[in-house]
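Colleague: coordinates for the following, if possible.
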Amino acid sequence: MIKTALKLVGLSAAGLAAYLYLSDRKPSEFAKTTYDSTKDKLQAFSNVLDHKNDFSVKLTQMQDELSKSKPTLDAMSHDISEYQFKIKPHLDLINQRINNMTK
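Modeller: Prediction:
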């Protein structure tokens, strides 16, 4: 187990050395860019988590407001249904007269 781990570390170090040699980069420069890149990615991930939490809070607030407005929406729906019931005979009469005129 330890031999395998040492082999992996050795291969990784050799690969890194080859990469740095072929790309003409200094180890300190590579370490700094890797650190900065990792730091930026962690910050972006933190921002995503913050936005997710904000979204969850806003979604909960919206659901609360919807539940508060449900009685008003139900009352409006009832009023619309009542209006449709009252106007239906008049619309039927208008449609009947239009049909008689087009015959």
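
Colleague: the helices in this structure, which residues?
Modeller: For the chain, the helices defined by DSSP state H occupy 2-22, 27-102.

Colleague: average model confidence for the first one?
Modeller: If you average the pLDDT over helix 2-22, you get 86.

Colleague: what does it contact?
Modeller: 25-27, 30 (Cβ atoms under 8 Å, 6 or more residues apart in numbering). No exception for glycine: its C-beta is placed from N, CA and C like everyone else's.

Colleague: burial of residue 20, as a residue count?
Modeller: 14 (other Cβ atoms under 10 Å).

Colleague: and what of residue 46?
Modeller: 10.

Colleague: can you check the one 3 residues further on too?
Modeller: Neighbour count for residue 49, taken as other Cβ under 10 Å: 10.

Colleague: quickly, which of the helices of the chain bottoms out on average pLDDT?
Modeller: helix 2-22 (a mean of 86).
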